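[1] Got a predicted model here, sequence first, then my questions.
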Amino acid sequence: MSLGPAEVAKIAHLARLAIAESDVPAYARNLSSILELVARMDAVDTTGVEPLAHPLDMVQRLRADEVTEADRRDDFQSLAPQVEAGLYLVPRVIE
């Protein structure tokens, strides 16, 4: 698929990008080559190929889910200007 200058200008407008008129041919070539690569990848038969989260067959080491810090909520809320029922009160910004 080959993009023309009008299509590049439309894409730039939709993406809210300012592209100099002298740069449009280079963008058209680069975008066209990307679209051609995607078309070639789309043509590959992937029947029977399982999706991968990682290319290597490995397992993520997970740490134990343990509390490592003391609960200091009361200490922090004592410093706050306004607190009610364990919640920080802030000024309304949307009416």
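    Perfect, I can see it now.

[2] wait, is A70 part of a strand?
    No: A70 is assigned coil when assessed by DSSP: H, G, I helix; E, B strand; the rest coil, not a strand.

[3] and the gap between the most centrally placed residue in the chain and P55?
    Central residue of the chain (C-alpha atoms, centre = their mean): A15, 15.7 Å from the mean position. Counting by C-beta to C-beta, to the nearest Å, the gap from A15 to P55 is 31 Å. All C-beta atoms are positioned from the backbone trio N, CA, C, and that covers glycine.

[4] now swap in A6 and tell me
    For A6, the distance to P55 - C-beta to C-beta - is 40 Å.

[5] And R16, by the same measure?
    Shown here: R16 relative to P55, a distance of 36 Å by C-beta to C-beta.

[6] Between A6 and P55, tell me which one has more neighbours.
    Ranked by neighbour count (other C-beta atoms under 10 Å), A6 and P55 place A6 first, with 10 against 6.

[7] Identify, by residue count, the longest helix of the chain.
    Criterion DSSP state H: the longest helix present in the chain is helix 24-42.

[8] ok, residues contacting that one?
    Outside helix 24-42, the residues that touch it by C-beta atoms under 8 Å, 6 or more residues apart in numbering are 1-5, 7-9, 11-12, 19.

[9] Check those residues against R92 and report the nearest one.
    For the contacts of helix 24-42, the residue nearest R92 by C-beta to C-beta is A12; the value is 40.1 Å.
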